[in-house]
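> the following comprises the amino acid sequence and a computationally predicted model.
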Amino acid sequence: IEELILSDNSIGGTLPDPFPTLENMRRFSIANNNINGPLPDFSRATTRIRELDLSSQRHTETEGLTGTISPDFSLLDDLSVLNLAFNHLTSFPSDLSYLHRLKILNLSSNFFSQPIPSKLGELDSLEILDLSNNALTGQIP
């Protein structure tokens, strides 16, 4: 499978962690469902993924994907789109600068309450960065 799109359904429960190995997966979207629990580590499942959309799982203040974004996300070398908006995530790694192909990073409407990492400025290909509707602190790097 190269593309698995399960968006806009009523899929519930948790995602397996670690995520199953799908070596040829290029696109995985399960946006706008009812997934709860920890954000799984995708770096062991596939390093070839280009688009990962797990957005819009939070429909109340206590639902959605929880926890932190693993530093291992930096191992997803081909990733160009990462959308984790509208979840219940609380922390992201200070260094995602290894994602040189990342064009879109949407972490809006989560529960981040940390400074904006200065290393985000090293993402040369980044075209869209959405960190809105969080509780970020500090200065803009």
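Arrived safely.
> isn't residue 141 right next to residue 117, touching?
Yes - assessed by CB atoms under 8 Å, residue 141 is found in contact with residue 117 at 7.3 Å. In short, each C-beta sits where N, CA and C put it, glycine included.
> my read: residue 71 touches residue 97, true?
No - contact between residue 71 and residue 97 fails when scored by CB under 8 Å: they sit 11.3 Å apart.
> all strands for the chain, in order.
For the chain, strands defined by DSSP state E occupy the ranges 3-5, 12-13, 27-29, 34-35, 37-38, 51-53, 65-68, 81-83, 88-91, 104-106, 128-130.
> tabulate the ones you listed (TSV), appending mean pLDDT, distance to residue 121 and mean neighbour count.
Shown next, in TSV, are the strands of the chain (pLDDT from 0 to 100; distance: least, CB to CB, whole Å; neighbours: other CB atoms under 10 Å):
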stretch	mean pLDDT	distance to residue 121	mean neighbour count
strand 3-5	95	31	12
strand 12-13	92	37	10
strand 27-29	96	27	19
strand 34-35	94	31	18
strand 37-38	92	29	16
strand 51-53	97	22	20
strand 65-68	92	21	18
strand 81-83	97	17	21
strand 88-91	92	19	18
strand 104-106	96	12	20
strand 128-130	96	10	14
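> those strands into a markdown table, with extra columns for distance to residue 137?
A markdown table is the format used below for the strands of the chain (distance: least, CB to CB, whole Å):
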| stretch | distance to residue 137 |
| --- | --- |
| strand 3-5 | 36 |
| strand 12-13 | 33 |
| strand 27-29 | 31 |
| strand 34-35 | 28 |
| strand 37-38 | 24 |
| strand 51-53 | 26 |
| strand 65-68 | 16 |
| strand 81-83 | 22 |
| strand 88-91 | 12 |
| strand 104-106 | 19 |
| strand 128-130 | 17 |
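> between these, which one is closest to residue 112.
Taking CB to CB, strand 88-91 is the member of the strands of the chain nearest to residue 112, at 6.6 Å.
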